[in-house]
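Fold the following.
(2 chains, ligands or ions: 2)
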There are 2 protein chains.
Amino acid sequence: MASFKRLPLNSTIRWLCSRYTTSVTVITRVERGSLACSGHIAQCRFVHSSGTGASQASPNATPQRLPFSRISPEDLTFFRQLLPGRAITDPDMLESCNVDWLKSVRGNSEVLLRPKTTDEVSQILRYCNERNLAVNPQGGNTGLVGGSVPVFDEIVLSTALMNQVLTFDSVSGILTCQAGCVLETLSQYLEERDFIMPLDLGAKGSCHIGGNVSTNAGGLRLLRYGSLRGTVLGLEAVLADGKVLNCLSTLRKDNTGYDLKQLFIGSEGTLGIITAVSILCPRKPKAVNVAFLGCSSFEALLETFRCCRGRLGEILSAFEFLDAACMNLLVKHLKLSNPITESPFYIVIETAGSDAAHDEEKLHNFLEEVMTSSLVTDGTVATEEAKIKALWSLRERITEALTHDGYTYKYDISLPVEKIYQLVTDMREHLGDRAKNVVGYGHVGDGNLHLNITSPSKDPSLLAAIEPYVYEWTSSCQGSISAEHGLGLKKRNYIYYSKSSEAVGLMGDIKAMLDPKGILNPYKTLPDDLHS
Amino acid sequence: MASFKRLPLNSTIRWLCSRYTTSVTVITRVERGSLACSGHIAQCRFVHSSGTGASQASPNATPQRLPFSRISPEDLTFFRQLLPGRAITDPDMLESCNVDWLKSVRGNSEVLLRPKTTDEVSQILRYCNERNLAVNPQGGNTGLVGGSVPVFDEIVLSTALMNQVLTFDSVSGILTCQAGCVLETLSQYLEERDFIMPLDLGAKGSCHIGGNVSTNAGGLRLLRYGSLRGTVLGLEAVLADGKVLNCLSTLRKDNTGYDLKQLFIGSEGTLGIITAVSILCPRKPKAVNVAFLGCSSFEALLETFRCCRGRLGEILSAFEFLDAACMNLLVKHLKLSNPITESPFYIVIETAGSDAAHDEEKLHNFLEEVMTSSLVTDGTVATEEAKIKALWSLRERITEALTHDGYTYKYDISLPVEKIYQLVTDMREHLGDRAKNVVGYGHVGDGNLHLNITSPSKDPSLLAAIEPYVYEWTSSCQGSISAEHGLGLKKRNYIYYSKSSEAVGLMGDIKAMLDPKGILNPYKTLPDDLHS
Ligand SMILES: Cc1cc2nc3c(=O)[nH]c(=O)nc-3n(C[C@H](O)[C@H](O)[C@H](O)COP(=O)(O)OP(=O)(O)OC[C@H]3O[C@@H](n4cnc5c(N)ncnc54)[C@H](O)[C@@H]3O)c2cc1C
Ligand SMILES: Cc1cc2nc3c(=O)[nH]c(=O)nc-3n(C[C@H](O)[C@H](O)[C@H](O)COP(=O)(O)OP(=O)(O)OC[C@H]3O[C@@H](n4cnc5c(N)ncnc54)[C@H](O)[C@@H]3O)c2cc1C
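Ligands and ions are numbered 1, 2, ... in the order given. Just a heads-up that it's a prediction; the model follows:
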């Protein structure tokens, strides 16, 4: 049988892990035996309590276990017959699927199922639905909001063995594959054929395409290729009752009825299990350039962005920023050197195109314009791979630098682009010297701010000054409190900061329609008050 | 009060009208008075019967009127109070909203409501839902599948007076506007600000952005900017019971719960009335080039497409084709001249980019490659606007040429790109000399074929040879029987050729959840058997 080793991940994940590990709070509670229960063990829950300690009243609190059945010996017999050698109960082997990547959340599932086919997934769900057994869909388990691991004893249904490419059409660039294909494996498969995946993210060595679609993952190429809602052309999903919904279209255009696949994109496994995906893949760009620039104000940075879109247009593939406070941390903690003169703001611009000479020329014309008009005060450009990587690392290693600065409070916020830095400025003023550092960086092109606040150690009074201030601020600008990671377990109760109660109510109706017993990924995405 | 003149449309619409008019069959039926009815007149229905004559058994048949209430004097009093001067009952003024653009479908509504605000739409729907009055949402009334006009006496709710731009952000390119803004007006608004709409279509002078979103319109820019499912960032919709659902996000990224707006995109007014839209707009390209090329086989054409994507990459904005039979019609009926030597297939390629010299160079390198390798046998390129228009007209005027060739059976099919011409070849063989001409053209880049079959006059036996053959063929390749126009009234019962019964069943559940009384655009999009 296949071992459970994860594919190697790039260092980003390790930084995140170490950061989050410092903030784990252990909450142990012992469930009383119930009549339906046979042989279950005490339930443990670890929750990232944001330093306040979780109480039932707080939005971060552990939910109540809902009255699902507990696994019986007969259930195990059924699963073992259906999936010979692939219904895992060995506690050592269960460990890794019970804990999330950040080691911030821990469940206590006693069964891990590893189907290979859609039909097996269908049989599992039909059985679980009849038996009222809760199920936690799991892809690469790289999710950052506690959605990918059980909260109590939910059965883990992993897509790890559903890893076959089904078809690839090199005329249209449409790939169809099972949901458990690892993103990096798909990228390699495509690059050999002169295509790329329309999404890329730090977790690519582990995350599954089914997980990406279920979380509507954003990542590094969204500015250029758009979201999965446009690039995913079709999918196959198994509903809670085992019914297979085949929406695995490989067409760019299809207006026959409602677009059901959209229900499953970004619903974090709460409405169905995605078993296959078809996705539109762009051609591999022939040339890539990166520029690292300095700006004297955020207004100048926004004006540079405007100019950049005009000048670089179709070849612009990333427009990222960091502030001087980030640069200080990079220099101080990681000994990186600032390649340009000190500035209040820095920009990383990437171009990707089909003609190296053209792209360089466009980039240089753009740079001339922004430097002549003093929007940009200094800059450097890289065209070779090693130098490109070095410039990118100034953006990519900020998370690592932060972990060296102390305890970090992290927020991943979507805002109208002209407001993204105002939140950092206001937060700095609001916190005064209570915080060690308040830094901002992120994807200008996507209006996605990463706001990070450091403190020498965990500091409940600091947290109380940050939250709900940060959510209220975001909400007052019609921003989103989760730009790309979803809500999962951790943020489920914050949904009202970004969605109206009518919208949340309708989400609850959709959940009830598709999964009337609520067996699919309970306690996730939707707020607790929908159950009551 | 504003008059009801439509904005001038380009000639395409007039051709379509004249073509369809020839195929209209009149079916008159007299509804018996019912107890609820007060003062209603005999109902007339005209339906495009595809030449077979509509019978209740055929998928084209007129549906049965569902037991909605009929408009009473009290209802009129309510509407007149709510919308002073904007609750129209004058029969002359009602005429244009009862007939579709193609003059192929006619309803018999006695009331046209023209709200200006979301709140008015909400009050109308709350009232209609309580009274069980059916409502037909209408935008520019340019829809091609009979979805935009009433079937019986449904109230027409027009968005024509909801035409305000709400906000535009010139950094992000995000536009927010009311649903009744005319597409061309928005285009002009944006072009003045150096942006463009992400969609463009022949009906732009009349169609509303709300209608575009409700039909998930494709159009001429889809290859480049993707579908509305990616570019529409948010919308506001009023549900059947009058509840306002505010999903009017202006964020590129937002993963807080299910993406409810997707339910309303492409659902043709059956799930809610869209009252406002926010949409991501691209920068206006600085340079446009068009090439017109000849290919000796469809395989060579596909290989040219592959090469084109590689060479032109990010600047490719259209890749269209027509066959020799189309060219013959253009030459014969419209006296257009073929700018290159005769070929079995012709391609129209458009580039749009930010640097004219670069784009031309890329195009010329591409052309050198495909001509050296004999994929392309002859070609011409235009960079000036007049010449660009002349080349485009060879693609755009095919519909007009067809109307001069006799009675035309038209199909708008989505297929895996490598199969799009096989359907034309097979159909030719299948029909033998029963057809006058079988021609194919369309959007290679989108896998969207326009298959057209002409005959000296309407020919039921020819139709019987075409249908259901064309649908079965499409279905056997997992194609779509409606690439971009939707199902509306005309194609509602053909949905099963492209969607599984599980999928259609789930669509019915969604309809029942959002509109339990079925008052919103009844008889449209979903098949009749869902009612029974
Ligand atoms: C280092 C690192 C970098 C990251 N960078 C980004 C980034 O740039 N952008 C971004 O958006 N996210 C990012 N993430 C978050 C995470 O990688 C993404 O959310 C990813 O898409 C999750 O995929 P997965 O296969 O690991 O899913 P999991 O973590 O296993 O699951 C995530 C959620 O989806 C559900 N799910 C998984 N598979 C299925 C299925 N087949 N059917 C139904 N539901 C399913 C789970 O139940 C869970 O709710 C990053 C994470 C890490 C650790
Ligand atoms: C000459 C011509 C060229 C065309 N070219 C294309 C093309 O290239 N690509 C393409 O996809 N289509 C094309 N069409 C079809 C048509 O223009 C599109 O479908 C268009 O998007 C319809 O917009 P509209 O405002 O006219 O909607 P309408 O025709 O008024 O309505 C269409 C449907 O949407 C519903 N609806 C309208 N507004 C709302 C609203 N605010 N809320 C809820 N429901 C609503 C109606 O009930 C109806 O079911 C073309 C049509 C013509 C006449």
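
how about the residue in chain A that ligand 2 sits nearest to, secondary structure?
Ligand 2 sits closest to A:Asn255 of chain A, with a gap of 7.5 Å, by Cβ to the nearest ligand atom. C-beta coordinates here come from the backbone N, C-alpha and C atoms, glycine included. Of the three states, A:Asn255 takes coil under DSSP: H, G, I helix; E, B strand; the rest coil.

My read is that A:Gly146 contacts A:Leu489, right?
Yes: judged on Cβ atoms under 8 Å, A:Gly146 makes contact with A:Leu489 at a distance of 3.6 Å.

How far off centre is stretch A:331-345?
In this view, stretch A:331-345 has its centroid 28 Å away from the chain centroid, taken as Cα atoms, centre = their mean, to the nearest Å.

Also stretch A:140-150?
The answer for stretch A:140-150 is 9 Å, by Cα atoms, centre = their mean.

Could you list the buried residues of it?
Within stretch A:140-150, the residues scored as buried using 16 or more other Cβ atoms under 10 Å in any protein chain shown are A:Gly140, A:Asn141, A:Thr142, A:Gly143, A:Leu144, A:Val145, A:Gly146, A:Gly147, A:Ser148, A:Val149, A:Pro150.

And for stretch A:101-121?
Buried-residue list, stretch A:101-121, by 16+ other Cβ under 10 Å: A:101-116, A:118, A:120-121.

filter those down to the ones close to ligand 1.
Counting by Cβ under 6 Å from any ligand atom, the subset of these that neighbours ligand 1 consists of A:Trp101.

beta partners of the spatially closest residue to A:Val111 that is not a sequence neighbour?
Using Cβ to Cβ, 6 or more residues apart in numbering or on different chains and skipping the chain neighbours, the partner closest in space to A:Val111 is A:Ile155 (5.0 Å). Here A:Ile155 sits in beta bridges with A:Val135, as judged by DSSP bridges.

who touches A:Ile155 in this structure?
A:Ile71, A:Ser109, A:Val111, A:Leu112, A:Leu113, A:Cys128, A:Leu133, A:Ala134, A:Val135, A:Asn136 (Cβ atoms under 8 Å, 6 or more residues apart in numbering or on different chains).

and the least confident of the buried residues of stretch A:140-150?
Lowest pLDDT of these: A:Leu144, 83.

So that one sits against A:Leu201, correct?
No: counting by Cβ under 8 Å, A:Leu144 does not reach A:Leu201; the two are 10.8 Å apart.

what bits of chain A have low per-residue confidence?
A:1-57, A:532 (pLDDT under 70).

burial count for the residue in the stretch 201-350 of chain A that ligand 1 sits nearest to?
Closest residue of the stretch 201-350 of chain A to ligand 1, Cβ to the nearest ligand atom: A:Gly211 (2.0 Å). For A:Gly211, the count of nearby residues is 28 (other Cβ atoms under 10 Å in any protein chain shown).

if we can go back for a sec, can you flag which of the contacts of A:Ile155 belong to helices?
Members of the contacts of A:Ile155 lying in helices (criterion: DSSP state H): A:Cys128.

In contact with A:Val213, which residues?
With Cβ under 8 Å, 6+ apart, A:Val213 has these contacts: A:Ala179, A:Leu228, A:Val232, A:Leu235, A:Phe264, A:Ile265, A:Gly266, A:Ile274, A:Val277.

what's the farthest-apart pair in the residues you listed?
A:Ala179 and A:Gly266 (14.5 Å; Cβ to Cβ).

got the residue ranges for the strands in the stretch 51-200 of chain A?
A:87-88, A:112-113, A:135-138, A:155-158, A:165-169, A:174-178 (DSSP state E, counting those that start in this stretch).

Output the contacting helices and strands for the last one.
Where contact means 3 or more Cβ pairs under 8 Å, 6 or more residues apart in numbering or on different chains; DSSP states H and E, strand A:174-178 is packed against strand A:165-169, helix A:183-191, strand A:273-280.

Adjacent strands (with direction) for the first one?
Here strand A:165-169 is paired, per DSSP bridges, with strand A:174-178 (antiparallel).

ok, back up a step: what residue, apart from its backbone neighbours, is nearest the residue of the stretch 201-350 of chain A closest to ligand 1 spatially?
A:Gly139 (2.7 Å).

I figured that neighbour hits A:Ala203, correct?
No: applying Cβ under 8 Å as the test, A:Gly139 and A:Ala203 come out as separate, 10.1 Å apart.

ok, back up a step: what strand or helix carries the residue of the stretch 201-350 of chain A closest to ligand 1?
helix A:209-215 (DSSP states H and E).

cool, A:Val424 as well?
Using DSSP H and E, A:Val424 sits within helix A:422-431.

neighbouring contacts of that helix?
Here helix A:422-431 has contacts from A:323, A:413, A:415, A:435, A:438-440, A:449, A:451, A:453, A:462, A:465-466, A:469-470, A:473-474, using Cβ under 8 Å, 6+ apart.

name the helices or strands packed onto the helix or strand following it?
On the C-terminal side of helix A:422-431, the nearest following helix or strand under DSSP H and E is strand A:437-443. Where contact means 3+ Cβ pairs under 8 Å, 6+ apart, strand A:437-443 is packed against strand A:316-323, helix A:324-334, helix A:398-403, helix A:422-431, strand A:448-455.
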